[in-house]
Each structure stands twice: as structure tokens, then as C-alpha cells.
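Student: Okay, structure incoming, though there's no sequence with it:
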């Protein structure tokens, strides 16, 4: 047996430090995971702002958010970060991530058999926010749902290795795997594997539960107004003694970036995310306001529907990549606050920095177009989220550049939520781009986000691109089926290179999270995945 407990939390997950411009860190949507450093709060510098004194209990944090929890608050199948980041304040998983290590969550310890196919978890005493105990039966119910592709339809591959879950006693569960899963613990730490109360879910049903959820996390929901606000209060039954420090959190949905920034400047809100790149310098010099520029595991791309001609031709997709001036976009639109992407997915654990991004090369793009079925070009509808200045400016630059190879781009702004859902379902047209905060990885390893991007059977139709390459799918399966870190790294590096060559998207840049907050907010930190561990935040006012 290979034991793990709170007293012996030294399970290494490998060396995956990123040695380039972006110091990447990966985070399961439960606890922070940093690599080679972390992002920091800034008021002119990138160093983390030290909290003032000992934690203070009380007060409500008002947070202006760019994304709404429009998909509801049920951990199963939440497809967007607006919902996911809120869910993480309400629910717990069996295991969490701290730094580069898996650490205890609701499970205080665990062990597995030498073959890695039987895992036993020992549960701590914990309660849901309604006062009911978290039981082994609740864990069995939650993990079986996580493993059921008919229920966990969007993230089916993450629980696919789980064959059965046994209740050993009131505080012990055993999971039996049908195959080795190199990312098993990483997957258990994601939001979709959150532990929910069986009785409540069965009584209410998934839809109703998503409107009025019950979890064992630091906060509980008291009001949920889709498209307006979500109000959380301290969970009085939370198992971490003394936390959370806040009485509550109010998430206000403010889709316009300039409005969020104005609310922060006026003191109407305590925190505002998605600060416009062109306002960072001004805010940094404003008394009473901190600006955090945090390393991120998010990315921005132009996604291409490979079912639609002529985007079904690799020459056309490669031409679009070569015709995209990423340096210009980085400088003119993002003011240098990102890194040019060399991958179709964000720089997760096995990211290979040696793979080159597409350079800007109009002549190469024109040559590739001449070899395609549309040498004179074609019309292309590019959908963008309405009200997003960064995506609008990016799209306008791309429209101008792609015209040089005969591609006539029509820019179509749409409501983000509707556009995103349509795109994933294959009803969103030919090409789309989403806010830089909208997409990110939910787990420590590459397995989840690589499967969602490259495997059409994994859910979300290869993130709406319908990309399908059998060799890539086989490599993903090979990586998932081994605990050999070298083999996993090799497989994912090959996937990264094939993905770049096949180009189901035009990867633009790995983004940073830019958040402003008042001086009265202490111990605030945005993790690389994009969310915040608000149970550790307090207010000095």
C-alpha cells in the first residue's frame, strides 16, 4: 500500500515548472496550485501584497464579476467559469491541490494498492450547510454520478476509470478502477467531483438543486438571481475552524469592463475582475486600490468549426494561423500582459515550451491558400462576445490581416452565454472567440483539457471545433493509462505538436488575470485557473 495522510502529504506530481515568459501554475478548482512562483497584487510592482495583521472576522465582500453563474450552481456539468468559480465557494471535494501536491479535502487520508486500481479514502467529520453530516453514502452517490457518462456528460472522461464505489464503513469508501488512471487524484479534485448531499439531490432533482444548492464548502447560497447577482453567506457548519472570515460575499454580474472599473474606483465594490488592459497603469497609481496581475492557466483562441468547408482543410486553417499578427495584438490590445501561445490548450503540467508558435508570415499563408480549394479566399463569419473590447479589437486586427489572403471576415457580436452554448453544440457558425477569462483547465494534469479540445467523444465536441484525429485520441488514452511520468510527458508533447500542425483553432495568447481590489481587502489571491479562495480573505474596514 502507498499511504497518504495529512501528516504525510509529500506525494510529488512531477516537475512541471514553466521556464518561459509565463510562469504557469495549474489549479484544480478547489485549492491553489502554483509553479515557480505565483501572481501577485500590485500597485506598481508584481510582488504580492502582504495582508495587514491577523485575520478579522466579519463584513461582506462585494465582487463585480465579468462572468455570470448563468449555468446554475450544480457541480455536475457546469460548462462555464461564471458558474464554476462560484461553485468552488460552496462545495468541497475529497482531495484538493496545494502547490504541486494533492492534499486532503473531505478525505483526511487515503491509500491505494500497488497496481493503482483500488483507492481507499478515510473521511473527516464534516457537515453540509443544512447541518446534515457528510456521509460515506453521500460520497458514494457523488462519485458514482461523476463516473456516470449519462449524468456527467460534459466531463465524462474524467471519471471513466471508476468502475464502482464501495462503502466500507461510516467514514471509509473504496473506489475500484477498471484501469490505471494517471490523473485519478487530479480528477477527483475538480468541481464536478464535488460531494453533494444524496437526499437533497434526489428529492429536488438536478435542475432545482442547481438553483438552491447545498454543499459543505465555506459559503452557502442565500440568493441566486441569474444575470444579476449571487449572494453567499458564511456556512456556520464549515469544517475548517475559524473560516471563512467573511460574513458573506455578493457577486454582482457586471459584464462591461469599464463599468466594473468605475465601480471599483468609486468604492461601490471591493473587488473587480477583468480590469481592462489599458487601465492597469492608471489603477496602479490610484491610492487605496491594488491591482493584481496574476499568472493564469487561461488562453484565448479563434476556434474553427472543422466540419464547415473550407475550414475542413488543414491548409486553410494553417493559413489563418500564419496570417495572424500575434505580436501586434499582444502589444496593441493587451499591452504586453500575456504570452504568445504555442499550443491549442493552456500551458498545463506537461506543456512543451520547445514547440514553436505560428509566426506571422503572410507569404506562407498565401502559399497555403493557393494549395487549398479556395485559392481566392472565402467569406467567414467570426462571432465574438458583445461588449468585450479586447475581443472586438482583436477581431478587427484579424479581419484586416486575413483580408490579405482573401478571407472576408464578418464580425458578429453576440451575447456570450448564448453564443458559447450554441458553439459547443455545433450551432454557432464557422468561427468564434471567447473572453480571455472564459476558458481554463480544471485539473492538475493535461488529461481533462486535452481531451475536451482533441477528443470529440469526451464531451463539448472538441470545444466546438469537432476536431477528430485518431492518433491524438490514442495518445491521450495511452497517457491516461499509465503512472509513468516520462511516458505521459512524451505523449502530451506529441499531442501538442500534432494539435499545432492540425490547427483546429488559431491560438493567440496565454492570458493573465487582472483584478483590482480595495486596500481594505486582505489576503486576496487569484489562482492560475482564475478563481479565488475567498474563505481566506478578510476585510479591515
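Tutor: Great, that's in hand. For clarity, every value in this text was computed on a predicted model and none was experimentally measured. Residues are numbered from 1 along each chain as shown.
Student: middle-most residue in this structure, spatially?
Tutor: Geometric centre of the chain, nearest residue: residue 440, 2.9 Å, by Cα atoms, centre = their mean.
Student: Looks like that residue contacts residue 295 (just checking).
Tutor: No. With contact defined as Cβ atoms under 8 Å, residue 440 does not reach residue 295; the gap is 12.0 Å. Where you see a C-beta, it was placed from the backbone N, CA and C, and this is true even at glycine.
Student: any idea of the mean pLDDT in stretch 105-119?
Tutor: The average pLDDT for stretch 105-119 rounds to 94.
Student: next one: stretch 389-407
Tutor: pLDDT averaged over stretch 389-407 gives 96.
Student: How about the most far-flung residue of the chain relative to its centre, nearest residue that isn't a chain neighbour?
Tutor: Distance from the C-alpha centroid of the chain peaks at residue 376, with 38.7 Å (Cα atoms, centre = their mean). Spatial nearest neighbour of residue 376, chain neighbours left out: residue 406 (5.4 Å); criterion: Cβ to Cβ, 6 or more residues apart in numbering.
Student: Please report how far the one you found lies from residue 368.
Tutor: Note on residue 406: its distance to residue 368, by Cβ to Cβ, to the nearest Å, is 12 Å.
Student: more crowded one of those two?
Tutor: Neighbour totals were compared for residue 406 and residue 368, and residue 368 leads with 23 against 18 (other Cβ atoms under 10 Å).
Student: Which residues are in contact with that one?
Tutor: 315-316, 318-319, 322 (Cβ atoms under 8 Å, 6 or more residues apart in numbering).
Student: for those residues, which one is nearest residue 51?
Tutor: Nearest to residue 51 out of the contacts of residue 368 is residue 322 (Cβ to Cβ; 47.3 Å).
Student: what's the neighbour count on that closest one?
Tutor: Neighbourhood size, residue 322 [other Cβ under 10 Å]: 21.
Student: what element comes up after the stretch of helix or strand residue 488 belongs to heading to the C-terminus?
Tutor: Element membership for residue 488, per DSSP states H and E: helix 485-502. Helices and strands here follow DSSP H and E; after helix 485-502, the next one along the chain is strand 505-518.
Student: That next one pairs with which strands?
Tutor: Strand 505-518 has these partner strands in its sheet, going by DSSP bridges: strand 271-272 (antiparallel), strand 289-304 (antiparallel), strand 338-340 (antiparallel).
Student: Show me what counts as buried in that strand.
Tutor: For strand 505-518, a neighbour-count test (16 or more other Cβ atoms under 10 Å) marks 505-518 as buried.
Student: I'd like the residues you listed written out as a markdown table, with distance to residue 363 added.
Tutor: Formatted as a markdown table, the buried residues of strand 505-518 follow (distance: Cβ to Cβ, whole Å):
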| residue | distance to residue 363 |
| --- | --- |
| 505 | 22 |
| 506 | 18 |
| 507 | 21 |
| 508 | 21 |
| 509 | 23 |
| 510 | 27 |
| 511 | 29 |
| 512 | 32 |
| 513 | 36 |
| 514 | 36 |
| 515 | 41 |
| 516 | 43 |
| 517 | 47 |
| 518 | 51 |
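Student: got the residue ranges for the helices in the stretch 101-250 of the chain?
Tutor: 136-147, 184-188, 198-204, 206-211 (DSSP state H, counting those that start in this stretch).
Student: Compare these and give me the one nearest residue 54.
Tutor: Among those, helix 184-188 comes nearest to residue 54, with 33.4 Å by Cβ to Cβ.
Student: helices or strands next to that closest one in the packing?
Tutor: Identification of packing neighbours for helix 184-188 by 3 or more Cβ pairs under 8 Å, 6 or more residues apart in numbering; DSSP states H and E yields strand 95-98, helix 447-454.
Student: residues making contact with it?
Tutor: For helix 184-188, the external contacting residues (Cβ under 8 Å, 6+ apart) are 11, 13, 28, 93-95, 97, 102, 116, 119, 143, 158-159, 161, 177, 181, 193, 443-445, 447-448.
Student: hmm, which of those are the buried ones?
Tutor: Taking 16+ other Cβ under 10 Å as the criterion, what is buried in these is 13, 28, 93-95, 97, 102, 116, 119, 143, 158-159, 161, 177, 181, 193, 443-445, 447-448.
Student: From residue 377, how far out is residue 366?
Tutor: Counting by Cβ to Cβ - residue 366 and residue 377 are separated by 10 Å.
Student: Please enumerate the shared neighbours of the two.
Tutor: residue 405.
Student: so how far is residue 280 from residue 264?
Tutor: Remark: distance between residue 264 and residue 280 (Cβ to Cβ) = 12 Å.
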